[in-house]
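**Q** Build me a model from this:
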Amino acid sequence: EKMETQKMNAPDSLWRPMTQHKMLLQNHPKHIVKAEGCFMINEDGDRILDGTAGLWCVNVGHGRKELAEVAKAQMEKLAYVIPVMTSDPVVELSAKMLEMLGMEKGHVYFTSSGSEANETAFKMVRQYHLQTGNPRKHKIISRHRAYHGNTLATMTATGQAERKIGYEPLAPGFLHIPPPYPYRRHPKLTEEEHGTECVKFLEDTIIYEGEETVAAFIMEPMISGGGVMVPPDNYLTEIRRVCDKYNVLLILDEVVSGFGRTGKMFGHEHWGAKGDIFTFAKGMASGYMPVAATVVTENIFEAFYGEANELKHFRHVNTYGGHPVAAAVSLKNIEIVERENLVANAAKMERYIKAGLNEFADHPFVGEIRGKGLLLGIELVSDKESKTPLETARSNAIVQNCMKQGVHVMRNGYTVPGLDNVLIMAPPLVLQESEADMIVDAIGNALKQALN
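**A** Modelled structure (predicted):
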């Protein structure tokens, strides 16, 4: 009886993220009790298709017993070790990640979340430049609409204005430039010319700020939560060229796009340019354990060598960084992704879903259908010619209508004022055609009803 009372009262004791709790009094969310494959099951026994893989992280699908078994075995053997020591799973995982990235040499620093991974990267680049004779290089450039985390520094780097309201003043030393946005590019520009224009934004900013002050540029290979924005094909290689020209380190934030999400193992593989630093989380363990990583090239790591009294080592630690259980689960998760060819399935399902969604391309509210792999978006507009964003209430109604049909999708809320109009789909990479049909059908029905 006591346990039942606690269960009933539990929602009232929770402070849920991204939630206006006053509204919960009228519309209480369902309590999820179980999940399997691509589906969540709520307290009423309803099956809800998880069209966003949690927060774009449950890449191998829910209910994987072999991941639970690996966690159990590792907990019984070695549940925790202080991060300055090592363990078998952590050593093996670091080597595996370098192998997957095609890096003969490099080093991996483990943390617990994408925010921590990016925060770690920021500290690394500043210390690197200080210790390589460029003490003024401290500024970090990012892009509007991008998301890089919720710590003070990573939120400052995030280019989503509504997330920052109420938290200023933010961290100093961060700058923003416009991202490539082919759908809203100048009508006189081709996509390639638009890519060149956006690269020039970076180069001009470096020059105007003084190249001796700019430490790094951070970017997602394709912007995810900011609206599923795919860059022109020439963009990333040209960004790499500019970073090299001005000794600016390139941080590739692969937190969302890593481990098969975009139909390649890593998002940057679509464009063939490498970063100096990579950050990972989410699909690294498919959400089964909190784990993240910051991977650096060997030349960056070598700048931290010094004598014991020089304080040149990286003076940063996370209690759960290099957690042996998280590492063991990550290794098994990667094994599943490779063994079941989930990267190829993401690419296959991209083609299948886009073919279905293209049936709605003429709908008055559909501006553009875009994305790669199983990270897809539909930009909703109230007028196709002017590309006026669909108003929030209508976008919300489409999301809610999908939920009523048993399909959970999201919208890019709390980003840029007036541009919260992109439906986001990112289901588990184990998605099958019948489940993809459910997503397409639900969105199609919701779009039809939105006209009424």
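**Q** D233 is in contact with W271, correct?
**A** Yes. The pair W271 and D233 passes the contact test of C-beta atoms under 8 Å, sitting 6.6 Å apart. Where C-beta positions appear, they are placed from N, C-alpha and C, glycine not excepted.
**Q** and those two? which has more neighbours close in?
**A** Neighbours were counted for W271 and for D233 using other C-beta atoms under 10 Å; W271 has more, 19 against 13.
**Q** Retrieve the pLDDT associated with the residue most central in space within the chain.
**A** Here the mean C-alpha position of the chain is nearest to the C-alpha of V256 (C-alpha atoms, centre = their mean), at a distance of 2.5 Å. As summarised for this prediction, V256 has a pLDDT of 98.
**Q** did I read that right, L252 in a helix?
**A** No. With the criterion set as DSSP: H, G, I helix; E, B strand; the rest coil, the secondary structure at L252 is strand rather than a helix.
**Q** Which residues are in contact with the residue nearest to the centre of the chain?
**A** Taking C-beta atoms under 8 Å, 6 or more residues apart in numbering as the criterion, V256 is in contact with 56, 220, 224-225, 267, 282-283, 375, 426.
**Q** quick one: which of those is most hemmed in?
**A** Within those, most neighbours by other C-beta under 10 Å means A426, with 31 neighbours.
**Q** Does that residue touch K372 like I think?
**A** No. Here A426 lies out of contact with K372, judged by C-beta under 8 Å, at a distance of 10.9 Å.
**Q** buried residues in whichever strand or helix holds E193?
**A** Here E193 sits within helix 191-209, counting by DSSP states H and E. Residues of helix 191-209 classed as buried: 191, 194-199, 201-203, 205-206 (neighbour count, 16 or more other C-beta atoms under 10 Å).
**Q** In helices, which of the contacts of V256 fall?
**A** Among those, the members found in helices (DSSP state H) are W56.
**Q** which one of the contacts of V256 sits closest to H138?
**A** Within the contacts of V256, the smallest distance to H138 is 22.1 Å, found for E220 (C-beta to C-beta).
**Q** List the contacts of L189.
**A** L189 sits next to E197 when contact means C-beta under 8 Å, 6+ apart.
**Q** so how far is G260 from F278?
**A** 15 Å (C-beta to C-beta, to the nearest Å).
**Q** cool, and P231?
**A** For P231, the distance to G260 - C-beta to C-beta - is 19 Å.
**Q** what do you get for V329?
**A** 16 Å.
**Q** swap in L357?
**A** Applying C-beta to C-beta, one obtains 21 Å for the distance of L357 from G260.
**Q** do the same with I82
**A** Where G260 is concerned, I82 sits at a distance of 32 Å (C-beta to C-beta).
**Q** Can you pull out the low-pLDDT segments for this structure?
**A** Within the chain, the segments meeting pLDDT under 70 span 1-11, 24-29.
**Q** What are the buried residues along the longest strand along it?
**A** The longest strand of the chain (DSSP state E) is strand 375-383. Residues of strand 375-383 classed as buried by neighbour count (16+ other C-beta under 10 Å): 375-381.
**Q** From E302, how far out is R143?
**A** When distances are taken as C-beta to C-beta, R143 and E302 turn out to be 29 Å apart.
**Q** Pick out whichever of the two has more residues nearby.
**A** R143 (26 against 14).
**Q** The more buried one reaches G159, doesn't it?
**A** Yes. Between R143 and G159 a contact is recorded at 5.3 Å, counting by C-beta under 8 Å.
**Q** Spit out the residues that contact the two alike.
**A** Shared contacts of R143 and G159, defined by C-beta under 8 Å, 6+ apart, are found at 176, 179.
**Q** show me what contacts I32?
**A** With contacts defined as C-beta under 8 Å, 6+ apart, the neighbours of I32 are 40-43.
**Q** change it to 6 Å
**A** Neighbour list for I32: 40, 42 [criterion: C-beta atoms under 6 Å, 6 or more residues apart in numbering].
**Q** ok, how many other residues are close to V416?
**A** Residues within reach of V416, counting by other C-beta under 10 Å, total 17.
**Q** Run through the helices of the stretch 251-400 of the chain in chain order.
**A** In the stretch 251-400 of the chain, the segments counted as helices under DSSP state H, counting those that start in this stretch are 298-302, 324-339, 342-357, 392-404.
**Q** which helices and strands sit right next to the first one?
**A** Looking back up the chat, that one is helix 298-302. Contact partners of helix 298-302 among helices and strands, from 3 or more C-beta pairs under 6 Å, 6 or more residues apart in numbering; DSSP states H and E: none.
**Q** Centre of the chain to it, how far?
**A** The offset between the C-alpha centroid of helix 298-302 and the centroid of the whole chain comes to 26 Å, using C-alpha atoms, centre = their mean, to the nearest Å.
**Q** What lies in contact with that helix?
**A** Here helix 298-302 has contacts from 105-107, 128, using C-beta under 6 Å, 6+ apart.
**Q** likewise the third one?
**A** The set of residues external to helix 342-357 that reach it, using C-beta under 6 Å, 6+ apart, is 260, 263, 265, 369, 373-374, 429, 431, 433, 436, 440.
**Q** L357 and G260: which has the busier surroundings?
**A** When L357 and G260 are compared for neighbours, G260 comes out ahead with 27 against 23, by other C-beta under 10 Å.
**Q** how about that one, what does it touch?
**A** When contacts are counted by C-beta under 6 Å, 6+ apart, G260 is found next to 59, 337, 342-343, 346, 429.
**Q** Skipping adjacent residues, who's closest to it in space?
**A** V343 (4.1 Å; C-beta to C-beta, 6 or more residues apart in numbering).
**Q** swap in Y128?
**A** The spatial neighbour of Y128 that comes closest, neighbours along the chain excluded (C-beta to C-beta, 6+ apart), is A303 at 5.0 Å.
**Q** What separation do you get for that neighbour and L130?
**A** From A303 across to L130, the span is 9 Å (C-beta to C-beta).
**Q** Ok, A450 next?
**A** Taking C-beta to C-beta as the measure, A450 and L130 are separated by 54 Å.
**Q** L67 now?
**A** For L67, the distance to L130 equals 41 Å [C-beta to C-beta].
**Q** Looking at those two, which one has more neighbours?
**A** When L67 and L130 are compared on other C-beta under 10 Å, the one with more neighbours turns out to be L67, at 21 against 16.
**Q** quick one on the thing from earlier: would you mind giving me the PyMOL syntax to select the buried ones in the contacts of helix 298-302?
**A** The buried residues among the contacts of helix 298-302 can be selected in PyMOL (16+ other C-beta under 10 Å) with this line:
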select buried, resi 106+107+128
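**Q** Pick out whichever of the contacts of helix 298-302 sits closest to R47.
**A** For those, the residue nearest R47 by C-beta to C-beta is G106; the value is 42.7 Å.
**Q** Just list the residues touching the closest one, thanks.
**A** G106 neighbours (C-beta under 6 Å, 6+ apart): 98, 295, 297-298.
**Q** Buried only: go through the residues you listed for me.
**A** Among the contacts of G106, those classed as buried by 16+ other C-beta under 10 Å are 98, 295, 297.
**Q** These in strands, which ones?
**A** Under the assignment DSSP E, the buried ones among the contacts of G106 contribute V295 to strands.
**Q** Perfect, that will be all.
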